[in-house]
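# no sequence on hand, only this structure:
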DNA sequence: GTTCCTGCAAAAGCTTTGCAGAAGA
DNA sequence: TCTTCTGCAAAGCTTTTGCAGGAAC
């Protein structure tokens, strides 16, 4: 369940964060994307349409959204952060071969965990890594 | 179940990686530590005993161990990598208040997950974040 | 003696910060 | 008009790389 552009926009307005042209474009790209883009990818995708756009503004916008918990920052990649407009609980699988990140359903409440009785848990991240089916079939063909 | 210094040493020897004085000290520190240290922390802990030690050597050693899957690199912290000599499946909880990382038991096979039938999974990371009991009781006292 | 390692310095890469001019409300 | 934002340049950090001297075997 992706957050819509309208939802994000309204949340920002509520928090007195101005809806500039650049920010709307970043939000639009993020909410339409299923690929958990990086700042670099957002920048490359939008620079034709918004030539003046800077990475600073992208960071600025994403950091606001993350602070308001409207998006998630994924640390699944060693080099750079990926951003996800889907905040509902789900896991992420990163293919070590092609680098693509896939979503998968996971119900953390069904997991047997222990020793966390007196902890307050605000955030749960699940990262799996390996080889995706597409890369697997390519390997088998060779 | 921590890997022992002897186990790690033998594995390195098997892989033709020389057991220098510096590497043994890094291994020793890591296997005796339960706190998932960073490169900075290892460096600060060992520089009195091994004054010439450089961070380059610590990175070098840890990267070898990680490549051989003898230790795990934790991406639970946004700023820097933490290292864990325990490679058996378990989750990590990071306290947003004090920054400490706690281990907890988790049985991933008991989790309801879907959509990963044709994926090869080599690695599973589970990161929870929130407030630990120690910080909670401090907050309540104020 | 050969090979690999160490540690310094420099480079690389992602992210943040300072600030003057521009845009939003 | 007043406040906030943008985008450039520079700085900050962690991590990697190049390389000459040194240690391991």
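Nice, thanks for sending it over. In this text, all values refer to a predicted model and were calculated from it rather than measured experimentally. Numbering: from 1, shown residues only, chains lettered A, B, ... in the order given.

# low pLDDT regions in chain A?
Along chain A, the model assigns pLDDT under 70 to residues A:1-3, A:140-142.

# how close does the spatially most central residue of it sit to residue A:101?
Nearest to the mean C-alpha position of chain A, counting by C-alpha atoms, centre = their mean, stands residue A:84 at 1.7 Å. Noted for residue A:84: a distance of 9 Å to residue A:101, by C-beta to C-beta, to the nearest Å. Heads up, the C-betas are built off the backbone N, CA and C, glycines and all.

# just to revisit the earlier point, surely the residue nearest to the centre of chain A meets residue A:34?
No - if you go by C-beta atoms under 8 Å, residue A:84 and residue A:34 don't touch, sitting 9.5 Å apart.

# what residues are up against the closest residue to the residue nearest to the centre of chain A other than its chain neighbours?
Nearest residue to residue A:84 in three dimensions, chain neighbours excluded: residue A:72, at 4.4 Å (C-beta to C-beta, 6 or more residues apart in numbering or on different chains). Contact analysis of residue A:72 by C-beta atoms under 8 Å, 6 or more residues apart in numbering or on different chains lists A:66, A:83, A:84, A:86, A:87.

# and residue A:51, by the same measure?
So residue A:51 contacts nothing (C-beta under 8 Å, 6+ apart).

# check the secondary structure at it for me.
What DSSP: H, G, I helix; E, B strand; the rest coil gives for residue A:51 is coil.

# next one: residue A:115
Following three-state DSSP, we place residue A:115 in the coil state.

# residue A:122 now?
With three-state DSSP as the criterion, residue A:122 reads strand.

# hmm, it is touching residue B:130, no?
Yes - under the criterion of C-beta under 8 Å, residue A:122 makes contact with residue B:130 at 4.3 Å.

# among these two, which residue is more densely surrounded?
residue B:130 (18 against 11; other C-beta atoms under 10 Å in any protein chain shown).

# flag every buried residue along stretch A:76-88.
A:76, A:77, A:81, A:82, A:83, A:84, A:85 (16 or more other C-beta atoms under 10 Å in any protein chain shown).
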